[in-house]
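1. I would like to see how this sequence folds:
(2 chains)
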Amino acid sequence: MTDTPLPSPSPSLALPRLPAFAAFGKSVAARVLPPLVMLVLLIGLWELAASGPKAALPSPSLIFKQSLELIVDPFYDRGGLDKGLFWHILASLTRVAQGFAIAAVVGVLMGVLLGQSQLALRGLDPLFQILRTIPPLAWLPLSLAAFRDSNPSAIFVIFITSVWPILINTSVGVRAIPQDYRNVAAVLRLNHLEFFFKIVLPSTVPYIFTGLRIGIGLSWLAIIAAEMLIGGVGIGFFIWDAWNSSNISDIIVALVYVGLVGFCLDRVIAGVGVLCARGAKA
Amino acid sequence: MTKPYLQISTVGIQFGLNVVLQNVSLDIQRGEFLAIIGHSGCGKSTLLNIVAGLLQATTGGVLLEDKEVNEPGPDRAVVFQNHSLLPWLTVEENVRLAVDKVFGKTKSRAERRDWVRHKLDLVNMSHALVRRPNEISGGMKQRVGIARALAMEPKVLLMDEPFGALDALTRAQLQDTVMGLQQKLNNTVLMITHDVDEAVLLSDRIVMMTNGPAATIGEVLTVPLARPRDRLALASDPTYVACRAAVLQFLYERHRHPAAA
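-> Numbers count the residues shown, from 1 in each chain, chains lettered A, B, ... in the order given. Have a look, this model is predicted:
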């Protein structure tokens, strides 16, 4: 009698899914764990370095103790400037939103003009190349003189900071529209408006969003500095105010918030860009 | 002799000091399928672009139904070499863009929609209406390109090496499609090609161009083959073989490509 092979045990239904789930968990862990470990390590180092009696900056544990209210309740409001960080950030974001929105509209329109017209490019490009190198804060005194009010001045500073990358990237995108698409438009006799909405805008979307991403980053850089000078509610002045009253812990908490918000702004613009650019690449 | 439908008379074009085309004259009858063949760089595409109105001739001119051509328009629809579909629009929307523009005032919404579907059906692309160009094959893209051009109901259909970028099998399929369409619609077609078999198979007359600079028409060959034509039966047909030989002789004996000489 020969040995017949044993029938293999029938696999349970859940079994084949388990390795897949484990692999997924593994890949998530591979992404999340390294930054987490680094963060804990750095905070530990900082704690060690700042725990001496003569340390100039507070240690993480001290910050937690001193600025507990700021960390756990960003929504408190006791009137005047004594508000939670949420309100300061909201004020800053509102200014950024206004200045950035104007910059986006003006930047895209001027960018299309510069991309389409050789004459406009020759006339305006050298001027823009010089203007865009002026640091944002250098515009502030001039805009204060012109607007005689702090809020529009801050919005203007945001606008003038973020408009250049949007404008320049858009014009590059328009110049990169393939001749094929222009030929299609010519054969169909699209008028200027149709050409703009049906050809120029969709094919330039990836370039526009590159400009918008750089622009929003610069806006966030500029608003903090501008608010330090103009005062009022806003995360920039909050930091300046904390420095004047020697609340170093508050400054550090605010910096963490500023970083996180800047990161989110960048991600949001990038995400919207991916949505809009769906299919724009040939 | 009837009056020509499309008349190209003493056309020449010059880019700077570089004379590309010189003294090109050609009369095309309504419903005729013309192939223009020549080595690369001889200015075939330039000639097509002049007829399309995308380029302005330096000398001479083009008349379509006795009207001078001096700008692009949907009455001379072009099937471009690299399909030129807009990648952010679906197959249906690409054709729809052309139909809305050309028939926006004369057809209702529903009529335009049916018109688009019908043209896509003619090129067997009804199954891919909602696909985007980067989701379909090169042959399919070119089918949509043809549907878009046909949807404009052009007086003259201009094709700029429409199958140049396709593999041989796909190319044969598309050639059959074009022959079928020609049988049905009897369009006036001007097609650029560098494929001898394609030229003989598809066209009523073959225009052979000399080499540049200052290229012009070297010879025009009439292809006296009855339609419908069948690629398999023709392979051994003496008339087909003779036409093929005549074109090959022109291209490789009397007007060899300068780089190969």
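
2. Can you give me the buried ones in the least confident helix or strand in chain A by mean pLDDT?
-> Lowest on mean pLDDT, DSSP states H and E among the helices and strands of chain A sits helix A:68-72, with a mean of 85. For helix A:68-72, a neighbour-count test (16 or more other C-beta atoms under 10 Å in any protein chain shown) marks A:Leu70, A:Ile71 as buried. For glycine as for every other residue, the C-beta is placed from the backbone atoms N, C-alpha and C.

3. which residue ranges form the helices in the chain?
-> Here I'm looking at chain A. Per DSSP state H, chain A carries helices over the ranges A:17-49, A:60-66, A:68-72, A:85-116, A:118-131, A:139-147, A:150-175, A:179-188, A:192-195, A:201-230, A:235-244, A:248-276.

4. sorry, should have said chain B
-> Secondary structure of chain B, counting by DSSP H: helices at B:44-52, B:91-103, B:109-122, B:138-151, B:168-185, B:196-202, B:231-234, B:238-249.

5. tilt between the second one and helix B:138-151?
-> In this case it means helix B:91-103. Calculated by axes from the mean of the first three to the mean of the last three C-alpha atoms, to 10 degrees, helix B:91-103 forms an angle of 20 degrees with helix B:138-151.

6. give me the low-pLDDT residue ranges for chain A?
-> Residues of chain A that meet the criterion pLDDT under 70 lie in A:1-18, A:278-282.

7. Let me fix that, I meant to ask about chain B.
-> B:1, B:258-261.

8. Next up, the contacts around the closest residue to A:Phe238 other than its chain neighbours.
-> Distance criterion C-beta to C-beta, 6 or more residues apart in numbering or on different chains; nearest residue to A:Phe238, sequence neighbours excluded, is A:His88 at 4.6 Å. Shown in contact with A:His88 (C-beta atoms under 8 Å, 6 or more residues apart in numbering or on different chains): A:Val233, A:Gly234, A:Ile235, A:Phe237, A:Phe238, A:Ala254.

9. how close does the spatially closest residue to A:Ile248 that is not a sequence neighbour sit to A:Ala49?
-> The shortest distance from A:Ile248 to any non-neighbouring residue, by C-beta to C-beta, 6+ apart, is to A:Pro58 (5.6 Å). Separation of A:Pro58 from A:Ala49 (C-beta to C-beta, to the nearest Å): 11 Å.

10. Around chain A, pick out the residues from chain B.
-> Residues of chain B that fall close to chain A, judged by C-beta under 8 Å from any C-beta of the partner chain: B:52-54, B:71-74, B:76-78, B:80, B:82, B:84, B:86-89, B:97-98, B:101-102, B:132-134, B:152.

11. Let's see that with 6 Å instead.
-> Within chain B, the positions adjacent to chain A are B:Leu54, B:Pro72, B:Gly73, B:Val78, B:Phe80, B:Ser84, B:Pro87, B:Trp88, B:Ala98, B:Lys101, B:Arg132 by C-beta under 6 Å from any C-beta of the partner chain.

12. Skipping adjacent residues, who's closest to A:Gly217 in space?
-> Closest to A:Gly217 by C-beta to C-beta, 6+ apart is A:Asp266, at 6.0 Å.

13. Smallest distance to chain A belongs to which residue of the stretch 151-261 of chain B?
-> As assessed by C-beta to the nearest C-beta, chain A sits closest to B:Met152 within the stretch 151-261 of chain B, at 7.8 Å.

14. Just list the residues touching that residue, thanks.
-> Contact partners of B:Met152, counting by C-beta atoms under 6 Å, 6 or more residues apart in numbering or on different chains, are B:Pro74, B:Ala77, B:Ala98, B:Val102.

15. how about a cut-off of 8 Å?
-> When contacts are counted by C-beta under 8 Å, 6+ apart, B:Met152 is found next to A:Leu188, B:Pro74, B:Asp75, B:Ala77, B:Ala98, B:Val99, B:Val102.

16. quick one: which of those residues has the most company?
-> Most neighbours among the contacts of B:Met152, by other C-beta atoms under 10 Å in any protein chain shown: B:Ala77, with 27 neighbours.

17. now do the same end-to-end measure for stretch A:241-249.
-> End-to-end distance for stretch A:241-249: 12 Å, by C-alpha to C-alpha, to the nearest Å.

18. buried residues in it?
-> For stretch A:241-249, a neighbour-count test (16+ other C-beta under 10 Å) marks A:Asp241, A:Ala242, A:Asn247, A:Ile248, A:Ser249 as buried.

19. and the last one, how far is that from chain B?
-> Going from A:Ser249 to chain B by C-beta to the nearest C-beta, to the nearest Å gives 50 Å.

20. Have a look at A:Pro58 and A:Ala49 and say which one is more surrounded.
-> A direct count of neighbours by other C-beta under 10 Å for A:Pro58 and A:Ala49 places A:Pro58 higher, at 20 against 11.

21. Show me which residues of the stretch 101-250 of chain A sit near chain B.
-> Residues of the stretch 101-250 of chain A found near chain B (C-beta under 8 Å from any C-beta) are A:178, A:180-181, A:183-184, A:186-190, A:194, A:198-199, A:202-203, A:205.

22. Now which of those residues would you call buried?
-> Among those, those classed as buried by 16+ other C-beta under 10 Å are A:180-181, A:183-184, A:186-188, A:190, A:194, A:198-199, A:202-203, A:205.

23. now for these, which pair is the farthest apart?
-> Of all pairs drawn from these, the greatest distance, 23.1 Å, lies between A:Val187 and A:Val205 (C-beta to C-beta).

24. Nearest the geometric middle of chain A, what residue?
-> Chain A has A:Asp266 as the residue nearest its centroid, 2.7 Å off, counting by C-alpha atoms, centre = their mean.

25. What is the neighbour count of A:Ile252?
-> Using other C-beta under 10 Å, the number of residues around A:Ile252 comes to 19.

26. Revised request: answer the last question for B:Leu248.
-> Look at B:Leu248: counted by other C-beta under 10 Å, it has 12 neighbours.

27. so who does it touch?
-> B:Val196.

28. gap between the closest residue to A:Ile208 other than its chain neighbours and A:Ala254?
-> The shortest distance from A:Ile208 to any residue other than its chain neighbours is 5.3 Å, reached at A:Thr170 (C-beta to C-beta, 6+ apart). Using C-beta to C-beta, we find A:Thr170 at a distance of 34 Å from A:Ala254.

29. Quick check: buried residues in stretch B:57-74?
-> Buried residues in stretch B:57-74, defined by neighbour count with 16+ other C-beta under 10 Å: B:Ala57, B:Gly60, B:Val62, B:Leu63, B:Leu64, B:Val69, B:Pro72, B:Gly73, B:Pro74.

30. whoops, stretch A:141-155 was the one
-> Across stretch A:141-155, burial judged by 16+ other C-beta under 10 Å covers A:Ser143, A:Leu144, A:Ser150, A:Pro152, A:Ser153, A:Ala154, A:Ile155.

31. Tell me which residues touch the spatially closest residue to the second one that is not a sequence neighbour, please.
-> Leaving out its chain neighbours, the residue that sits closest to A:Leu144 by C-beta to C-beta, 6+ apart is A:Ser153, at 4.8 Å. The contact partners of A:Ser153, taken as C-beta under 8 Å, 6+ apart, are A:Leu140, A:Ser143, A:Leu144, A:Ala146, A:Phe147, A:Ala226, A:Ile230.

32. again, but for B:Ala215
-> So B:Ala215 contacts B:Val20, B:Leu21, B:Gln22, B:Gly38, B:Cys42, B:Gly43, B:Met209 (C-beta under 8 Å, 6+ apart).

33. so which two of the residues you listed are the farthest from each other?
-> Farthest pair in the contacts of B:Ala215 (C-beta to C-beta) is B:Gln22 and B:Gly38. Separation: 13.7 Å.

34. These two: which has the busier surroundings?
-> Legend: neighbour count by other C-beta under 10 Å for B:Gln22 and B:Gly38, higher for B:Gly38 (25 against 20).
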